[in-house]
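Q: the following block contains a protein sequence and its predicted model.
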Protein chains: 2
Amino acid sequence: MQMNNYIELIDKKLDEFIKIEYPETIFKSMKYTVTLPGKRLRPIMCLETCKMLGGEIEDAIPTACAIEMLHAQTLIHDDLPCMDNDDYRRGKLTNHKVFGEAIATLAGDALLTYAPQVITKYSQNLSPSVILRVLNEYFKYAGAYGVIAGQVVDIESEGKYLNINSSSENKEDAEKILEYLHLHKTSDLFQLAMRTGAIIAGVEDDRLSEITEFAKTFGLAFQIADDILDEISTFEQMGKTMGKDKAEGKLTYVSLYGLEDAKCKLTCLLTKCHDIMDKQNMSSVIFSQIIDNILQRAGNNK
Amino acid sequence: MQMNNYIELIDKKLDEFIKIEYPETIFKSMKYTVTLPGKRLRPIMCLETCKMLGGEIEDAIPTACAIEMLHAQTLIHDDLPCMDNDDYRRGKLTNHKVFGEAIATLAGDALLTYAPQVITKYSQNLSPSVILRVLNEYFKYAGAYGVIAGQVVDIESEGKYLNINSSSENKEDAEKILEYLHLHKTSDLFQLAMRTGAIIAGVEDDRLSEITEFAKTFGLAFQIADDILDEISTFEQMGKTMGKDKAEGKLTYVSLYGLEDAKCKLTCLLTKCHDIMDKQNMSSVIFSQIIDNILQRAGNNK
């Protein structure tokens, strides 16, 4: 399946899965952010992993959409005034700017339990034990051991690692913290996407660890690209306020290593993604396209 | 088992189930509200229902604790400045007053996925299909079709139904809205507690609907008692700011019917709870004690 077919399929299903029922405000608020046009990278990587490993795309659709809902949940709460306080996301007003903070908070909460409900409700072809494995992945990566751990460390590191001297011990700490927060804040959702795709395809544990390695590496690269783009892009290009990382003293690859070294690190990680694909016999035109697209937008060869 | 034994058991397990790991802030924040001393009514009703229907208390402990975690989650987010803006809960500072708004928001999020994770991780004696049934109940009652629906309608009805004339059409609307918001905001967690207790005990569907009827009625009574206590109690008695419903123009039984009629309605619903117990052969000293305690604190015979 081509990239645009994937996006069309996912958009259609996301629209189907969230119906506007009473009390309408909450479903409208949930649907608003979930259906903002996006690249749908996480659900695509779930579906493509399932297909690449011999599974049926159809069986992974509820899980793929659930992961996009979870992603939307993190965006809604991240954008709140008490968190990153962002007014725009994907070129549109953020959820709380449209629905108010109380409803936005509740819409994020609702998505956290609606997403796994979509998995159990629509995964008719999966056995209870496979569904339970998928849910356990969801709980792990969505929670305090996953994406939330990354967000907490992100918040706690704000303003703490400015103007670090390259020889200082502090830099080693900062490097460890940075890798931890990127792994959780960003890689975890890609790991969740690819691991559940693989579980639905029915793979063995050793294959799962190769998939996880790819997702981890890709997630790190994706976050570094995001750090770079925050530095070099405009609101018009990205649909959200840029340059905020620097203004808020966030710990990022760019703040720690500078723009050029961040680009080198990105290129290096994306090359590693290609290597893992070759070595582990992960043949996917889609993954190659996604990698190359990130390299073009933020990498060294720009 | 006696009430205080139940509370001891639940408190011990809640403490065990939330370990303080890295990043410590998030686990401390989650644990802070979950372990505030409380009546533990919801988990007790889960365990007691399971026992009353022939199940093993031990099998229901993870689910009972998960429901208390979910309850704590609703309290953390309800208390946020963008929602009810409360500084005190159970006599202690609210979560965001101790950990800040960002961490409190994330702690609530984390509990929403940690609670079902506790169910899957610690319910060794339950089959995958029973665990899935329990999780589906959790997703339904925790989300936009459950407790969140009640909160949304609560927010939307604020200030809308003041000084209603008893003959006006508006009063009929208000009555419907009030019942809807109480059923979801409050009854849903009691329904979740009792239904999952019954499912773990292995009961048939018709028995489940009787249990649901009891939980619905009890939940309504519990919320009316809460409305009454908000009007007649002091901070010292309740450990939180009282009289806020009135100050904020909240739609409550007291605002709609007045204090005396609210007390009558409460007494009537609690009598109905006893009737259901007698008729449906639900023999439980614990449930009788809980009902009588509420009647004593807020009912007509005070």
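A: Arrived safely. Model, not experiment: these values are computed from the prediction. Numbers count the residues shown, from 1 in each chain, chains lettered A, B, ... in the order given.
Q: which bits of the stretch 101-250 of chain A sit near chain B?
A: Counting by CB under 8 Å from any CB of the partner chain, the stretch 101-250 of chain A comes close to chain B at A:101-103, A:105-106, A:108-110, A:112-114, A:116-117, A:120, A:128-129, A:131-132, A:135-136, A:138-140, A:142-145, A:148-149, A:151-153, A:155-156. (Each C-beta comes from the backbone N, C-alpha and C, glycine too.)
Q: just the buried residues from those residues, in ChimeraX please.
A: Once 16 or more other CB atoms under 10 Å in any protein chain shown is used to decide burial, the buried members of those can be selected in ChimeraX as follows:
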select /A:101,102,103,105,106,108,109,110,112,113,114,116,117,120,128,131,132,135,136,138,139,140,142,143,144,145,148,149,151,152,153,155,156
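Q: so which of the residues of the stretch 101-250 of chain A next to chain B belong to helices?
A: Helix and strand membership here follows DSSP state H; of these, those in helices are A:101-103, A:105-106, A:108-110, A:112-114, A:116-117, A:120, A:128-129, A:131-132, A:135-136, A:138-140, A:142, A:148-149, A:151-153, A:155-156.
Q: could I get the helix or strand containing residue A:293 in PDB with only the CA atoms?
A: Per DSSP states H and E: residue A:293 is located in helix A:285-298. Coordinates of each C-alpha in helix A:285-298 appear next as PDB, following Å, rounded to 0.1, in the frame of the first residue of the first chain:
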ATOM      1  CA  VAL A 285       9.400   0.800   0.800                       C
ATOM      2  CA  ILE A 286       7.200   2.800   3.200                       C
ATOM      3  CA  PHE A 287       9.900   2.800   6.000                       C
ATOM      4  CA  SER A 288      12.500   3.800   3.500                       C
ATOM      5  CA  GLN A 289      10.300   6.700   2.300                       C
ATOM      6  CA  ILE A 290       9.700   7.800   5.800                       C
ATOM      7  CA  ILE A 291      13.400   7.800   6.700                       C
ATOM      8  CA  ASP A 292      14.400   9.600   3.500                       C
ATOM      9  CA  ASN A 293      11.800  12.200   4.000                       C
ATOM     10  CA  ILE A 294      13.100  13.000   7.500                       C
ATOM     11  CA  LEU A 295      16.600  13.100   6.200                       C
ATOM     12  CA  GLN A 296      15.600  15.600   3.500                       C
ATOM     13  CA  ARG A 297      13.700  17.900   5.800                       C
ATOM     14  CA  ALA A 298      16.200  18.100   8.700                       C
END
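Q: buried residues, that helix. List them.
A: Residues A:286-287, A:290-291, A:294-295, A:298 are the ones in helix A:285-298 that count as buried (16+ other CB under 10 Å).
Q: okay, these in a markdown table with pLDDT and distance to chain B next?
A: Conversion of the buried residues of helix A:285-298 to a markdown table gives the following (pLDDT from 0 to 100; distance: CB to the nearest CB, whole Å):
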| residue | pLDDT | distance to chain B |
| --- | --- | --- |
| A:286 | 97 | 29 |
| A:287 | 97 | 28 |
| A:290 | 97 | 27 |
| A:291 | 96 | 30 |
| A:294 | 95 | 28 |
| A:295 | 94 | 32 |
| A:298 | 89 | 28 |
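Q: out of the residues you listed, who's nearest residue A:48?
A: For residue A:48, the nearest member of these is residue A:286. The distance, counting by CB to CB, is 4.7 Å.
Q: so what's the closest one closest to, chain neighbours aside?
A: What sits nearest to residue A:286 in space, not counting adjacent residues and going by CB to CB, 6 or more residues apart in numbering or on different chains, is residue A:48, at 4.7 Å.
Q: count the residues that sit near the one you found.
A: Using other CB atoms under 10 Å in any protein chain shown, residue A:48 is surrounded by 25 other residues.
Q: so it makes contact with residue A:201?
A: No: using CB atoms under 8 Å as the test, residue A:48 is too far from residue A:201 to be in contact (10.7 Å).
Q: point out where the stretch 51-200 of chain A drops to low pLDDT.
A: A:165-168 (pLDDT under 70).
Q: circling back to that earlier point, name the SS class of the residue nearest to residue A:286, please.
A: For residue A:48, the reduced secondary structure class is helix; criterion used: DSSP: H, G, I helix; E, B strand; the rest coil.
Q: how near is residue A:77 to residue B:67?
A: 23 Å (CB to CB, to the nearest Å).
Q: please name the residues that touch the residue lying closest to residue A:184 once chain neighbours are set aside.
A: If you skip the residues right next to it in sequence, residue A:184 has residue A:150 as its closest partner in space, 2.9 Å away by CB to CB, 6+ apart. Residues counted as contacts of residue A:150 (CB atoms under 8 Å, 6 or more residues apart in numbering or on different chains) are A:180-186, A:188.
Q: what is the nearest of those residues to residue B:281?
A: For residue B:281, the nearest member of these is residue A:188. The distance, counting by CB to CB, is 48.9 Å.
Q: touching, that closest one and residue A:146? I think so.
A: Yes: under the criterion of CB under 8 Å, residue A:188 makes contact with residue A:146 at 4.4 Å.
Q: longest helix anywhere in chain A?
A: Secondary structure of chain A per DSSP H: the longest helix is helix A:205-232.
Q: tell me the buried residues in the helix or strand following that helix?
A: Beyond helix A:205-232 in the direction of the C-terminus, DSSP H and E gives the next helix or strand as helix A:235-238. Counting neighbours by 16+ other CB under 10 Å, one finds that the buried residues in helix A:235-238 are residue A:238.
Q: give me the contacts around the host helix or strand of residue A:256.
A: Assigned by DSSP H and E, residue A:256 falls within helix A:253-257. Residues outside helix A:253-257 that contact it (CB under 8 Å, 6+ apart) are A:161-162, A:164, A:171, A:174-175, A:178, A:182, A:223-224, A:227-228, A:230-231, A:245-246, A:249, A:261-262, A:265-266.
Q: so residue A:275, which state does it fall into?
A: Strictly by three-state DSSP, residue A:275 counts as helix.
Q: kindly apply the preceding question to residue A:164 instead.
A: The assignment at residue A:164 comes out as coil when based on three-state DSSP.
Q: for it, what are its contacts?
A: By CB under 8 Å, 6+ apart, the neighbours of residue A:164 are A:170-171, A:174, A:256.
Q: swap in 6 Å and give it another go.
A: Applying CB atoms under 6 Å, 6 or more residues apart in numbering or on different chains to residue A:164 gives the contacts A:170-171, A:174.
Q: what does residue A:192 give?
A: A:67, A:137, A:141.
Q: which single one of the residues you listed is nearest to chain B?
A: Lowest distance from chain B to those (CB to the nearest CB) belongs to residue A:141, with 9.0 Å.
Q: without its sequence neighbours, what residue ends up closest to that closest one?
A: Skipping the residues right next to it in sequence, residue A:141 comes nearest to residue A:192 by CB to CB, 6+ apart, at 3.9 Å.
Q: again with residue A:203
A: With CB to CB, 6+ apart as the criterion, residue A:203 has its nearest non-adjacent residue at 5.3 Å, and that residue is residue A:53.
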